[in-house]
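Q: what follows is a protein structure lacking sequence information:
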C-alpha cells in the first residue's frame, strides 16, 4: 500500500495545501488538494473519493473534479455520510455556485454519491473501508482502509479528544491523525473539535493500552503559521511515549 499526502495543512498557500490523501493512486480521502495536486490523467485514475465531513477545506475540490469527470464523460464515485451530501447539494453543487453534478441526468453522471454509515464496512475499489465516528464540530468520520494484502491505514480526519471507542474499532499499521493547534490554544481546540500535541498524548496512550503497541504515526492538518512550535511539541510527546511521530508534508509518500 502506498499512501501519499497531497495536502497536509488546514490553510492553502504557495507552499501548503488543504488536506487530501491518496492511496495507491486510485482512492482519495478528502478533497482539499485533489485538482491542484493531480494532473488530469492522474485524476482520471481515481476510482473513489472518501469524504470525512462537510467543512470546506475537506470538500473544496469536489466541484472541480466533478467538472473534470463531466468533460471526460466519466464518473467518479464519492463516498461519505449523509450530512456531507446535503452540504454539497445545498452550498456547492446547487446549480447556483456550480452545476449540480449530484443529479442523475440522462446518460453517465459525473459524480455518483454513495452514502455510508459509521461502523459499517464497505468494499470499495478492491479495498475494505470502515468509517468510524470521531469527535468534531460537525458529524465526522475517519476511515480505516484495508488493502487486498491486509495492510491498514486509519485517517482520523479532524477530531478532538475522546477517541477510546474509535480505537476499539481499528487496528492500523499507519495512523494519520490531526494536530491542528499549539498547546496554548487548548481551549480553542476543545471547543472546535481539534487536537494539540498535549491533547494527542493521552489519546496515543489509550491506543497503546488497548492494542499493546503503537502503529506508525504521521500528523496532518497543522496550522502552518505555528508549525515550528507544533513540531517541537510533538517531538516532546514522541519522547515521552518513546515512539516516532512524524509531521506530514505535501508530497510525502509512506509505503506499507
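A: Great, that's in hand. As the structure is a prediction and not an experimental result, all values here were calculated from the model.

Q: tell me, how many residues neighbour residue 18?
A: By other C-beta atoms under 10 Å, the residues close to residue 18 number 25. The C-beta positions use only the backbone N, C-alpha and C, and glycine is treated the same way.

Q: these two touch, right, it and residue 8?
A: No. Residue 18 lies out of contact with residue 8 (C-beta atoms under 8 Å); the separation is 9.0 Å.

Q: joint contacts of those two?
A: By C-beta atoms under 8 Å, 6 or more residues apart in numbering, residue 18 and residue 8 have no common neighbours.

Q: so how far is residue 33 from the closest residue to residue 97 other than its chain neighbours?
A: Distances taken as C-beta to C-beta, 6 or more residues apart in numbering put residue 91 closest to residue 97, at 7.0 Å, once the chain neighbours are dropped. Going from residue 91 to residue 33 by C-beta to C-beta, to the nearest Å gives 20 Å.

Q: which of those two has more neighbours?
A: residue 33 (26 against 14).

Q: ok, now which ones touch that one?
A: Applying C-beta under 8 Å, 6+ apart to residue 33 gives the contacts 6-7, 12, 17-20, 61, 250.

Q: go on, residue 68?
A: 35, 40, 43-44.

Q: how about 10 Å then?
A: Counting by C-beta atoms under 10 Å, 6 or more residues apart in numbering, residue 68 makes contact with 34-35, 38, 40, 43-44, 46, 61, 74, 76, 110.

Q: export the residues you listed to TSV and tack on distance to residue 240, neighbour count and secondary structure?
A: Shown next, in TSV, are the contacts of residue 68 (distance: C-beta to C-beta, whole Å; neighbours: other C-beta atoms under 10 Å; DSSP: H, G, I helix; E, B strand; the rest coil):
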residue	distance to residue 240	neighbour count	secondary structure
34	36	26	helix
35	40	20	helix
38	38	22	coil
40	46	10	helix
43	41	20	helix
44	45	14	helix
46	39	21	coil
61	37	25	coil
74	49	14	coil
76	43	25	strand
110	48	23	coil
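
Q: neighbours of residue 223, how many?
A: 18.

Q: just the one 10 residues further on next, same as before
A: Here the number of neighbours of residue 233 (other C-beta under 10 Å) works out to 21.

Q: swap in residue 255?
A: Neighbour count for residue 255, taken as other C-beta under 10 Å: 9.

Q: now swap in residue 236 and tell me
A: Other residues lying near residue 236 total 13 when counted by other C-beta under 10 Å.

Q: now do the SS call for it.
A: Of the three states, residue 236 takes helix under DSSP: H, G, I helix; E, B strand; the rest coil.

Q: distance of it from residue 34?
A: Plainly put, residue 236 is 34 Å away from residue 34 if you go by C-beta to C-beta.
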